[in-house]
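In: Just need the structure, nothing else, for what follows:
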Amino acid sequence: MRQKQEAELSAFNKEFLADLPFLNIPDLRGKLERLKWKFIEHDPQHSGEIDLLVLGCTVQELGSPGHRQSSQHWCRTSQGTTATTSHTATSSW
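Out: This next block holds a predicted model:
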């Protein structure tokens, strides 16, 4: 299942890399790869479902160094008190 999920996310990343509005984003390939591996890391069953708060924190962790430290604190303190919502990723994610 992990290989299938990895392939789907890689295919999705290729679509972004070829899309005109995204061509000028610096290191887009690297950013998409890091996001892909973070998503896989936080989806151990490879179901395509990930807690929305975890996804938001993961994206923030990938942000700028100044935001990273403050967002990690917020994410650690908020995870136990926030209602859980899930987001399903598909090959179009």
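
In: all strands of the protein, in order?
Out: 49-51, 86-88 (DSSP state E).

In: Which elements pack onto whichever helix in the chain runs longest?
Out: The residue-count maximum for a helix in the chain (DSSP state H) belongs to helix 2-18. Helices and strands touching helix 2-18, by 3 or more C-beta pairs under 8 Å, 6 or more residues apart in numbering; DSSP states H and E, are helix 28-41. C-beta here means a position set from N, CA and C on the backbone, and glycine is covered the same way.

In: which other residues reach the helix it packs on?
Out: Contacts to helix 28-41, defined as C-beta atoms under 8 Å, 6 or more residues apart in numbering, come from residues 2, 5-6, 9-10, 13, 16-17, 22, 25, 46, 50, 55, 58-59, 61-62, 89.

In: Quick one: buried ones out of those?
Out: Buried by 16 or more other C-beta atoms under 10 Å: 5, 9, 13, 50, 55, 58, 89, out of the contacts of helix 28-41.
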